[in-house]
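A.B. asks: for reference, the sequence and a predicted model appear below.
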Amino acid sequence: MSAEYVDSRKFVYRFLSLPHHVRVGIAQMLGLLTYDDEGLQDQELFKLMFRRAQDRGLLGPLWDAVSLHWEDLHGD
């Protein structure tokens with residue numbers, strides 16, 4: 001499913017429900033984190049990451065990665 005058709009609350013909820021290391025791994029895989037992000041609080045870090053994903057046209061791949069991990073953990 002394309003991220004443009006997904007309820008943003010559902011998207012964020014599923015992302016934040018994943019273990020921290022999985023969230024960071026997804027962000028790194030998509031190139032959404034930089035060295036300058038080190039030390040940011042999670043709330044600011046993930047807000048910045050979603051903004052970068054939107055600006056770079058990566059919401060679809062981000063949704064796909066979140067969905068894959070969500071299904072692995074929850075069986076949905």
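C.D. replies: The structure has been received and is ready for your questions.
A.B. asks: alpha carbons only for contacts and neighbour counts from here, please
C.D. replies: Noted.
A.B. asks: wouldn't D37 be in contact with L45 here?
C.D. replies: Yes. D37 lies in contact with L45 (C-alpha atoms under 8 Å); the separation is 6.7 Å.
A.B. asks: need the helices for this protein, in chain order.
C.D. replies: 8-17, 20-29, 42-55, 59-74 (DSSP state H).
A.B. asks: could those helices go into a markdown table alongside mean neighbour count and mean pLDDT?
C.D. replies: As requested, those are exported to a markdown table (neighbours: other C-alpha atoms under 10 Å; pLDDT from 0 to 100):
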| stretch | mean neighbour count | mean pLDDT |
| --- | --- | --- |
| helix 8-17 | 14 | 87 |
| helix 20-29 | 15 | 93 |
| helix 42-55 | 15 | 93 |
| helix 59-74 | 16 | 86 |
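A.B. asks: any idea how far L45 is from L73?
C.D. replies: L45 sits 23 Å away from L73, going by C-alpha to C-alpha, to the nearest Å.
A.B. asks: likewise L48?
C.D. replies: 25 Å.
A.B. asks: find the nearest non-adjacent residue to V66, please.
C.D. replies: In space, and not counting its chain neighbours, V66 is closest to F15: 5.9 Å by C-alpha to C-alpha, 6 or more residues apart in numbering.
A.B. asks: now do the same contact list for F11.
C.D. replies: Residues near F11 by C-alpha atoms under 8 Å, 6 or more residues apart in numbering: W63.
A.B. asks: so how far is A65 from it?
C.D. replies: 11 Å.
A.B. asks: also H21?
C.D. replies: In this view, H21 and A65 are 13 Å apart by C-alpha to C-alpha.
A.B. asks: great, nothing more from me.
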